[in-house]
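Enquirer: Dropping the sequence and predicted coords here.
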Amino acid sequence: MADLISSLPAEYKSKYPALQPPPGVQSNFVDPDSRGYVLLTVGSILFALMVLFLAARIYVRFFVARQFSWGDGEYPSHMPTASNKVSF
């Protein structure tokens, strides 16, 4: 069965569904609904919060407590890693 599906042309696979939709549901391949804006909004808000809390931590460590160590230099380097965990 897998060989049969893999032998089909790409145009056929992209135009026809694998199964019939449930009763009362209409397939829409031309302009499908998207909720990408929700992911973008939530990701942006969480990224802004991450930057805010990182800035607060750096401010407290350097200007309020006046105690910083080599480990404090690692926090800005974690920012790109943390932001890559969110898929857009």
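Expert: Received it, and whenever you're ready, just let me know what you need.
Enquirer: Low-confidence ranges, the protein, go.
Expert: Across the chain, the ranges flagged by pLDDT under 70 are 1-3, 68-88.
Enquirer: which residue ranges form the strands in it?
Expert: Ranges of strands within the chain: none, based on DSSP state E.
Enquirer: Select the longest helix from it.
Expert: Longest helix in the chain, counting residues (DSSP state H): helix 36-59.
Enquirer: and that helix, what other elements does it pack with?
Expert: Under the contact definition 3 or more Cβ pairs under 8 Å, 6 or more residues apart in numbering; DSSP states H and E, helix 36-59 sits against helix 75-83. Placement of C-beta: from N, CA and C, glycine included.
Enquirer: Please name the residues that touch Val42.
Expert: For Val42, no contacting residues are found, by Cβ atoms under 8 Å, 6 or more residues apart in numbering.
Enquirer: now it: how far from Phe53?
Expert: With distances taken as Cβ to Cβ, to the nearest Å, Val42 is found 17 Å from Phe53.
Enquirer: Okay, the residue located most distally from the centre of the chain and Ala56: tell me how far apart.
Expert: Ranked by distance from the centre of the chain (Cα atoms, centre = their mean), the top residue is Arg66, with 36.2 Å. From Arg66 across to Ala56, the span is 16 Å (Cβ to Cβ).
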